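Trainee: A structural model of the following input is requested.
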Amino acid sequence: MKSFLYMTVLTKIDQTGLMLPSEILWPDGRRFPIDKVIRWRKAAQYDLDTTRYDVIIQGQEKQIYFRQSHQNLISPINIGKWFVEMETE
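Mentor: Numbers count the residues shown, from 1 in each chain. Reported below is the predicted structural model:
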């Protein structure tokens, strides 16, 4: 069974509006710089508002996800959440 771990992700947004993750801040305080973003695409297994990013961290390919928030109609500064999938028993 899978669960989600929500976390802080530092991002870079360029002049065209492209948002790419640059560093993950794990809940226990560890920091993981993202060496490279390989690709990104919609993560249809969740919903059309979620983007999957395939990244390289410490030489290993990992997946992180960004789910866009629709609450931004109420609070324009809440644009979404980053998460990873975690295996649970």
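
Trainee: who does the helix or strand bottoming out on mean pLDDT in the chain pair up with?
Mentor: Ranking every helix and strand in the chain by mean pLDDT, DSSP states H and E puts strand 80-87 at the bottom, with a mean of 90. Sheet pairing for strand 80-87, assigned by DSSP bridges, gives strand 2-13 (antiparallel), strand 60-68 (antiparallel).

Trainee: quick one: buried residues of the last one?
Mentor: Okay, so that is strand 60-68. 64-67 (16 or more other C-beta atoms under 10 Å). For every residue, glycine as well, the C-beta is placed using N, CA and C.

Trainee: pLDDT and distance to residue 24 added to those, as JSON lines?
Mentor: Shown next, in JSON lines, are these (pLDDT from 0 to 100; distance: C-beta to C-beta, whole Å):
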{"residue": "64", "pLDDT": "97", "distance to residue 24": "7"}
{"residue": "65", "pLDDT": "95", "distance to residue 24": "12"}
{"residue": "66", "pLDDT": "95", "distance to residue 24": "12"}
{"residue": "67", "pLDDT": "91", "distance to residue 24": "16"}
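
Trainee: Quick one: mean pLDDT for stretch 36-46?
Mentor: If you average the pLDDT over stretch 36-46, you get 89.

Trainee: now residue 31: how far from residue 60?
Mentor: 16 Å (C-beta to C-beta, to the nearest Å).

Trainee: picking up where we left off before, what's in contact with the least confident helix or strand of the chain?
Mentor: 1-9, 21, 24, 49, 62-69 (C-beta atoms under 8 Å, 6 or more residues apart in numbering).

Trainee: With stretch 11-29 instead?
Mentor: 5, 7-10, 31-34, 37, 40, 53, 55, 57, 64, 66, 82.

Trainee: same thing but 10 Å
Mentor: Contacting residues not belonging to stretch 11-29 are listed as 5-10, 30-37, 40, 51, 53, 55, 57, 62, 64, 66, 79-80, 82, 84 [C-beta atoms under 10 Å, 6 or more residues apart in numbering].

Trainee: For the closest residue to residue 52 other than its chain neighbours, which residues are in contact?
Mentor: Nearest non-adjacent residue to residue 52, counting by C-beta to C-beta, 6 or more residues apart in numbering: residue 43, 4.0 Å away. The contact partners of residue 43, by C-beta under 10 Å, 6+ apart, come to 49-53, 63, 65-67.
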